[in-house]
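**Q** Please work out how this folds:
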Amino acid sequence: SGYFKLKSHDLRCTICEDGKYASQEGTSECTTCPDYSESNALRNGCKCNENYYNNSLDVCIECNNTDFYGDLIYLCNQTDLHLYNISNNLGYWRPHKHTTTFYKCKVYEHCPIERIINDSVICKEYHTGILCNLCIDNYAKNSEEFCELCDGDTNDIRNLTITYFVLGIVGFVTFVVLILITGSGVLLKFIKFMKENGFVEELEFNSEATSNYSVTDSFYSESTISTESISSKDSKFSRISTDSEDSIIRGNLRRKKKETAYEEKESEESINLEDEDKVSFAENIQQKFKILISYLQIMSLLSINLDIEWPDFINNLVSGFSFINLDIFTISKHDLQCSFNTTFYNTIILNLITIPFLILLVSLAYYIALLISEKTPRKRIELKDRYIYCLVLFIFLIYPAVGSSILKTFKCLEIEGVWYLSEDLSQQCFDE
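**A** Numbers count the residues shown, from 1 in each chain. Purely as a prediction, here's the structure:
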């Protein structure tokens, strides 16, 4: 093959010229290669040009290997490329070697640049299945979506997970009891620490209060001067009468008592104003903290639940603050899967009961605080106000994670005509 001779009695065969081939021996002429191809070195076949591939019917098809965003899907930078040996680009996956339909992997690293070998899609080590998003046996995903070995005995892991869960509940209830009893005292101590170490500037009283204090001080100083002058004049007449001396002394003592009372009152007002300034500063910090958390939670939810091609900077930023949603079942994902072999549907049930369970724990902490705190009506009113505040705050923090898990149940992905749950590709959508 690769040669021809014009006449049967010719002694020598002639190799086919460029662009032609002969696939059989004893042929009298060479066949022209199809469009977008050239003859191989042996001239017994043709190979597609670069940026083309053979579709298994000896037809060279131009590579359409970029997606809507211009990202490279598969590699087509060599000659003699066939449909079965096309290599996917990093982060893309195809179900079998007879298709050029590639799908974007949920995590780029799950799908390395590889060819399909022996009808098997090559995934990252320990990964398998659709989009290489599942784990092989005895492995489970961690919080970063990479498969890790389930270390140790399953029963030991299960018992350890339950122990951590119970300790977490006890710690949370203790924390809430502390907040209910002390109120904003912990925050005020933190603010004092920041002031002492120069993290924030010392708050100044308002100018009106300061001016009032200066007028009061001048009034007291004038009173003191006049008192001294009166005392000096009275001393001249002290030699005349002992009775008048006693009356003057008593008058001075009364004045001094009044001045002391004024000073104590002024000091109390100053302390009260300082405490009010600290509380105002604490409330200001809390408001800004809530706004910041809300912004980060919204950004995280948008990136997770909407199929938008975000810039790498936004993706990295959101990933760095994903913990702000307080999704405890994602943080402990590896342990839960290794211990209880949970699926997405198990996780969503746990998320749905999180808010009622949270209300139960805060209520338990409230009743404990009632038992161990003062039994005065004022203290009970304070505890009730703080209880309501804690309920609103904790629900505010945990609600985005619950809402996100609900939205994920409606997000499906179509692969080869079958719809799969995007969050757990082992589960089909619209099934029974």
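
**Q** buried set for stretch 398-418?
**A** Neighbour-count burial for stretch 398-418 flags 398-402, 404-405, 408, 412-413, 415 (criterion: 16 or more other C-beta atoms under 10 Å). The C-beta positions use only the backbone N, C-alpha and C, and glycine is treated the same way.

**Q** can you pull out the helices in the stretch 101-250 of the chain?
**A** Per DSSP state H, counting those that start in this stretch, the stretch 101-250 of the chain carries helices over the ranges 154-182, 185-196, 207-236, 242-305.

**Q** per-stretch mean pLDDT over those, give me the minimum one.
**A** Looking at those, the lowest mean pLDDT belongs to helix 207-236 (a mean of 43).

**Q** Against Ile291, how distant is the nearest residue to Asn89 once chain neighbours are set aside?
**A** In space, and not counting its chain neighbours, Asn89 is closest to Leu72: 4.8 Å by C-beta to C-beta, 6 or more residues apart in numbering. When distance is defined by C-beta to C-beta, to the nearest Å, Leu72 is 41 Å away from Ile291.

**Q** Counting neighbours, go ahead and name the busier of these two.
**A** Leu72 (16 against 10; other C-beta atoms under 10 Å).

**Q** quick one, what contacts that one?
**A** Neighbouring residues of Leu72 by C-beta atoms under 8 Å, 6 or more residues apart in numbering: 65-66, 89.

**Q** now swap in His334 and tell me
**A** For His334, counting by C-beta under 8 Å, 6+ apart, the contacting residues are 140-143, 148, 150.

**Q** Next, the angle helix 154-182 makes with the helix or strand hosting it.
**A** For His334, the enclosing helix or strand under DSSP states H and E is helix 333-340. On the basis of axes from the mean of the first three to the mean of the last three C-alpha atoms, to 10 degrees, helix 333-340 is oriented at 130 degrees to helix 154-182.

**Q** Following the chain past helix 333-340, name the next helix or strand.
**A** Note on helix 333-340: by DSSP H and E, the next helix or strand toward the C-terminus is helix 344-352.

**Q** and that following helix, C-alpha only, in PDB?
**A** Taking Å, rounded to 0.1, in the frame of the first residue of the first chain, the C-alpha atoms of helix 344-352 are listed here in PDB:
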ATOM      1  CA  PHE A 344     -28.300  15.700  49.000                       C
ATOM      2  CA  TYR A 345     -31.900  14.900  50.000                       C
ATOM      3  CA  ASN A 346     -30.700  14.000  53.500                       C
ATOM      4  CA  THR A 347     -28.800  17.300  53.700                       C
ATOM      5  CA  ILE A 348     -31.700  19.400  52.600                       C
ATOM      6  CA  ILE A 349     -33.900  17.800  55.300                       C
ATOM      7  CA  LEU A 350     -31.300  18.700  57.900                       C
ATOM      8  CA  ASN A 351     -31.200  22.300  56.500                       C
ATOM      9  CA  LEU A 352     -35.000  22.600  56.700                       C
END
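
**Q** Give me the secondary structure label for Pro356.
**A** Secondary structure for Pro356, judged by DSSP: H, G, I helix; E, B strand; the rest coil, is helix.

**Q** so how far is Lys408 from it?
**A** 20 Å.

**Q** tell me the strands in the stretch 51-200 of the chain, going along the chain?
**A** Taking DSSP state E, counting those that start in this stretch as the test, the strands found in the stretch 51-200 of the chain are 52-54, 60-62, 92-93, 103-104, 127-128, 134-135, 139-141, 147-149.

**Q** nearest to Val176, of those?
**A** strand 139-141 (31.5 Å; C-beta to C-beta).

**Q** May I have the strands that pair with the closest one, each with its orientation?
**A** The strands that strand 139-141 pairs with in its sheet are strand 147-149 (antiparallel) (by DSSP bridges).

**Q** which of the residues in the strand it pairs with are buried?
**A** When burial is assessed from 16+ other C-beta under 10 Å, strand 147-149 yields the following buried residues: Cys147.

**Q** returning to what we had before: CA-only coordinates of the helix holding His334, as CSV, when you get a sec.
**A** Output in CSV follows, covering the C-alpha atoms of helix 333-340 (Å, rounded to 0.1, in the frame of the first residue of the first chain):
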residue,chain,number,x,y,z
LYS,A,333,-19.5,17.3,54.6
HIS,A,334,-16.7,14.8,54.6
ASP,A,335,-17.5,13.4,58.1
LEU,A,336,-21.2,13.3,57.4
GLN,A,337,-20.8,11.3,54.2
CYS,A,338,-18.2,8.9,55.7
SER,A,339,-20.3,8.4,58.8
PHE,A,340,-23.9,8.2,57.5
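
**Q** So which bits of that helix are buried?
**A** Quick answer for helix 333-340 (16+ other C-beta under 10 Å): 333-339.

**Q** Just put the residues you listed in JSON lines and tack on distance to Leu425 and pLDDT.
**A** As requested, the buried residues of helix 333-340 are exported to JSON lines (distance: C-beta to C-beta, whole Å; pLDDT from 0 to 100):
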{"residue": "Lys333", "distance to Leu425": "15", "pLDDT": "71"}
{"residue": "His334", "distance to Leu425": "18", "pLDDT": "70"}
{"residue": "Asp335", "distance to Leu425": "21", "pLDDT": "71"}
{"residue": "Leu336", "distance to Leu425": "18", "pLDDT": "73"}
{"residue": "Gln337", "distance to Leu425": "14", "pLDDT": "76"}
{"residue": "Cys338", "distance to Leu425": "19", "pLDDT": "79"}
{"residue": "Ser339", "distance to Leu425": "22", "pLDDT": "74"}
